[in-house]
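K.L.:
fold the following for me, if possible:
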Amino acid sequence: MPKPRKAIAQHKADGTFRKDRHGGKATPTLTDSVPNPPGTLIPAAHKYWYSEAKAALSIRLLSEKDYAALEMLAYLMWLKQEAADAIEKRGIDYQTDKGIWQRNPSLTTLEKANSQILQLQKEFGLTPLAAQ
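P.N.:
The predicted structure follows:
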């Protein structure tokens, strides 16, 4: 899998920006403070919005165009925690009312959320490999 391209803002921050390579592209205006979460984001996910926005700002990579993806990331992080709590409460496997042992469906939710979170964090440059 190829390494994702750096954002123009990241090239500028790293001192690797070259106008002949990166100059013809529109550069979004970067946000300089943590924005308030959108009204469409459930209140329980607000803490994840703030933590991920702060992380993106720490590497100078957050613009208004990123807000939708940031909202999705915050929601997925909340969903991941809800699934983990359900697994902790009920266990990985549980017995139904009929005495049949089943895998907790929250495991599937947790696995999918983890995969999507990782992908979005890569997009924001918030993983160690993406930050290189």
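K.L.:
tell me the helices and strands packed up against the longest helix belonging to the chain.
P.N.:
As assigned by DSSP state H, the longest helix anywhere in the chain is helix 67-90. Other helices and strands packing on helix 67-90, by 3 or more Cβ pairs under 8 Å, 6 or more residues apart in numbering; DSSP states H and E, are helix 46-58, helix 106-124. From N, CA and C alone the C-beta is placed, and that goes for glycine too.
K.L.:
give the burial count for the closest residue to Asp32 other than its chain neighbours, as a bare number.
P.N.:
Using Cβ to Cβ, 6 or more residues apart in numbering and skipping the chain neighbours, the partner closest in space to Asp32 is Leu57 (7.7 Å). Around Leu57 there are 16 other residues, counting by other Cβ atoms under 10 Å.
K.L.:
tell me if I'm right that Leu57 and Ser33 touch.
P.N.:
Yes. With contact defined as Cβ atoms under 8 Å, Leu57 reaches Ser33; the gap is 7.4 Å.
K.L.:
what's the closest non-adjacent residue to Met55?
P.N.:
For the record, residue 55 is Ala, not Met. In space, Ala55 is closest to Leu126, 5.4 Å off (Cβ to Cβ, 6+ apart).
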